[in-house]
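[1] Predicted model, plus sequence, below.
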Amino acid sequence: MKIIKKLIELLTTPQKKQIIILFFLMIGGMIFETIGVGLIIPVFTVLSKSDSGSSISYIRYFYSFFGNPSPAEIITIAMIAMVIIYLIKNAYLGFLAWAQFRFANSMQVYLSQRLFTIYLFQPYTFHLQRNSAQLVRNVLTEVSQYQAAIGQIMTLFSEILVVAGITALLVSSEPLGAITVFITLSGVAWLFNRLTKKKVAKWGTERLFHDGQTNQHLMQGLSGVKDVKILGREKEFLRIFYDHQTKRARLNR
């Protein structure tokens, strides 16, 4: 939660309003996902019944609404209805995914511009005390990481809402089994987070360091290529660059 709070603190007021709108769109996505799962049982029930004597009330209402159709008509109506609902659901989820990625990408543009502006207006002594490669890393690489984090958090909330909707559906139809599965999976998720939290934080710190070193040696090697060639330091630059790139790749993996 601390990480999420820090990420939100970087948002402007209009961006926070966009987050609220996206949250309500995610609730709509949850409703559509729950309807999609909930349709499976009644549709198969309708397809398996050849008469209107179903014990399920809404199935009986389906038969009476369509005037007690024949088995062939039942199959046609059920399949057309299912296709239409799934088309609407997938169109909405596609729009939701587009809105989420659009917001995350706009955040990347905003933060890159904000960081670059801050760096340019710093006094000259600020730049003397810092390596320009690390500033470039912050503007490009770390902002991309932030954009990815925002996208993943939105995906996580979407999935949590979907799980909540499906859990409510399952609890209403099979309470004991649904609660047992929910408790089991929640326990496993908590344990997994408990075991990996410190390790992931350590990997993140190390990745940040190797990102900075990779950019630094790349920029120094290319901008000072004349001195590198005169001194015959090509292999040394390549070795250091490869070492940091390898460690960075391992941490990302």
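    It's in.
[2] Just name the shakiest helix or strand of this structure by mean pLDDT.
    helix 57-65 (a mean of 62; mean pLDDT, DSSP states H and E).
[3] any idea of the mean pLDDT in the helix or strand harbouring I240?
    Under the criterion of DSSP states H and E, I240 resides in helix 234-252. Taken as a whole, helix 234-252 has a mean pLDDT of 82.
[4] That one: which residues count as buried?
    F237, I240, F241, H244, Q245, K247, R248, L251 (16 or more other C-beta atoms under 10 Å). No exception for glycine: its C-beta is placed from N, CA and C like everyone else's.
[5] among the residues you listed, which two are most distant?
    Maximum pairwise distance in the buried residues of helix 234-252, criterion C-beta to C-beta, is 21.5 Å, between F237 and L251.
[6] residue contacts, L39?
    M82, I85 (C-beta atoms under 8 Å, 6 or more residues apart in numbering).
[7] can you do 10 Å?
    A78, A81, M82, I85, Y86, K89 (C-beta atoms under 10 Å, 6 or more residues apart in numbering).
[8] And the fifth one, how far from Q122?
    Which is Y86. Here Y86 is placed at a distance of 54 Å from Q122 (C-beta to C-beta, to the nearest Å).
[9] other SSEs contacting the helix holding I240?
    Contacts defined by 3 or more C-beta pairs under 10 Å, 6 or more residues apart in numbering; DSSP states H and E place helix 234-252 against helix 175-223, helix 225-231.
[10] 7 Å instead, please
    Applying 3 or more C-beta pairs under 7 Å, 6 or more residues apart in numbering; DSSP states H and E, we find helix 234-252 packed against helix 175-223.
[11] Distance from the helix or strand that contains A97 to the middle of the chain?
    When elements are defined using DSSP H and E, A97 is found to belong to helix 71-120. Chain-centre distance of helix 71-120: 12 Å, with C-alpha atoms, centre = their mean, to the nearest Å.
[12] so after that helix, what's the next helix or strand?
    Of the helices and strands lying after helix 71-120 in sequence (DSSP H and E), the nearest is helix 124-128.
[13] Now F24. Its backbone dihedrals?
    Phi and psi for F24, reported as degrees, to the nearest 10, are phi -70, psi -30.
[14] G151 versus that one, what's the distance?
    Distance from F24 to G151, by C-beta to C-beta: 18 Å.
[15] between the two, who's got more neighbours?
    A count of neighbours by other C-beta atoms under 10 Å puts G151 above the other of F24 and G151, at 18 against 9.
[16] Please look at the more buried one and A104 and confirm they touch.
    Yes. Look at G151 against A104 with C-beta atoms under 7 Å: they come within range, at 4.3 Å.
[17] From L11, how far out is K17?
    Taking C-beta to C-beta, one finds K17 at 9 Å from L11.
[18] Mind checking which of the two has more residues around it?
    Per other C-beta under 10 Å, whichever of K17 and L11 has more neighbours is L11, with 16 against 11.
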